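*Asks:* return a 3D structure for these sequence lines:
(one chain, ligands or ions: 1)
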Amino acid sequence: MADLTADTVSVNQTIKKLQGKVVVVTGGASGIGEVTARKFVLHGARAVVIADIQDELGQTVVASLGPGRSTYIHCDVTDEDQVRSLIESTVKIYGHLDVMFSNAGIGCASQQTVLELDLSNYDKVMAVNARGMAACVKHAAKAMVEGGVRGSIVCMASAAAGQGGPMFTDYTMSKDAVMGLMRSASLQLGANGIRVNCVSPGPVVTPLFCWQFQVEAEDAENLYEAQLGLKAGKRMSAENVADAVVFLASDDSEFVTGHNLVVDDTIKEFGRSSF
Ligand code: NAD
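*Replies:* Prediction:
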């Protein structure tokens, strides 16, 4: 698995794309969310609020980001009251909200086809990935509208969305729901100057990836070859996804909304995502 410590995450320090911005990252205690939170800080964000259910990990990330740059708030995105409180607290502490990276997500441990679909697992996946996403977009957008902020909302989808897949049926469905939410919200919020986009990564080795494929991080490279049929070699990392999120969050993408930005190194080998 990619080393996700502070030392491995870098940006060109002369180009600070999020100078002064107030940002919330859900699922920021681990994986892609953690790496993106680090990028946000390096890009000059005034405040990065990390929201997660893994409190100890989240506090550790905040401590490593340096005093005053980031805050941890416990938030289970399946609970709308907790999401409302997360956004209200952010606005109370920092004055407003500029960027919402709605990233929290879970997967299924078994590679379910529709024939094997476990509907109780489906409910869990949809509760976080679809319903939780809706709560986050709703309350972030409300805060931006009420504060008169021309903000950016970035929703975490997946390269699995929009194309179906050989496995992970409920996960794929949940990410298609994210895409529908993003498209609707971008149309509805455009007049307020609020942009809503998705980022859709292909496979990246993170705790979620290891859980879904039931592998240890050190065996992930073999899995790429054995199970996904990919050639050995350099694979994309969480940092590549974080760079795409920074683009969508920043004024560099001032006129980009309703867009799904796919970041997937498996497409070049298959002509489609292998996720
Ligand atoms: P991860 O497990 O490292 O991170 C997910 C984070 O979400 C964790 O910190 C977890 O505690 C948090 N979380 C889970 N349920 C939550 C809840 N109810 N409320 C708040 N936080 C919650 O995995 P990751 O791979 O970094 O996943 C981040 C996002 O990226 C997910 O939405 C995932 O679906 C998406 N994604 C990942 C990949 C990949 O290959 N890793 C590919 C495409 C999309």
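*Asks:* what pLDDT does Ser274 get?
*Replies:* Note on Ser274: pLDDT of 60.
*Asks:* let's number from 823 now, not from 1
*Replies:* Noted, 823 is the first residue going forward, which turns the last one into Ser1096.
*Asks:* contacts only, for Glu1038.
*Replies:* For Glu1038, the contact set (C-beta atoms under 8 Å, 6 or more residues apart in numbering) comprises Cys1032. C-beta coordinates here come from the backbone N, C-alpha and C atoms, glycine included.
*Asks:* mind listing what's buried along stretch 938-949?
*Replies:* The neighbour-count check on stretch 938-949 (16 or more other C-beta atoms under 10 Å) flags 943-944, 946-949 as buried.
*Asks:* try stretch 944-964
*Replies:* Applying a neighbour-count criterion of 16+ other C-beta under 10 Å, one finds 944, 946-963 buried in stretch 944-964.
*Asks:* between the buried residues of stretch 938-949, which is nearest the ligand?
*Replies:* Using C-beta to the nearest ligand atom, Ala949 is the member of the buried residues of stretch 938-949 that sits closest to the ligand, with 7.6 Å.
*Asks:* quick one: the closest one and Glu902 touch, right?
*Replies:* No. Under the criterion of C-beta atoms under 8 Å, Ala949 lies out of contact with Glu902, with a separation of 11.3 Å.
*Asks:* touching, Leu908 and Val846? I think so.
*Replies:* Yes. Counting by C-beta under 8 Å, Leu908 sits close enough to Val846 to count as a contact (6.8 Å).
*Asks:* intersection of neighbour lists for these two?
*Replies:* Looking at what touches both Leu908 and Val846 (by C-beta under 8 Å, 6+ apart), the common residues are 871, 873.
*Asks:* when these two are compared, which one has more neighbours?
*Replies:* Val846 (33 against 26; other C-beta atoms under 10 Å).
*Asks:* helix, strand, or coil at the more buried one?
*Replies:* Three-state assignment for Val846 (DSSP: H, G, I helix; E, B strand; the rest coil): strand.
*Asks:* show me which residues of the helix or strand hosting Asn1044 are buried.
*Replies:* Per DSSP states H and E, Asn1044 falls inside helix 1042-1048. Within helix 1042-1048, the residues that count as buried by 16+ other C-beta under 10 Å are 1042-1043, 1045-1046.
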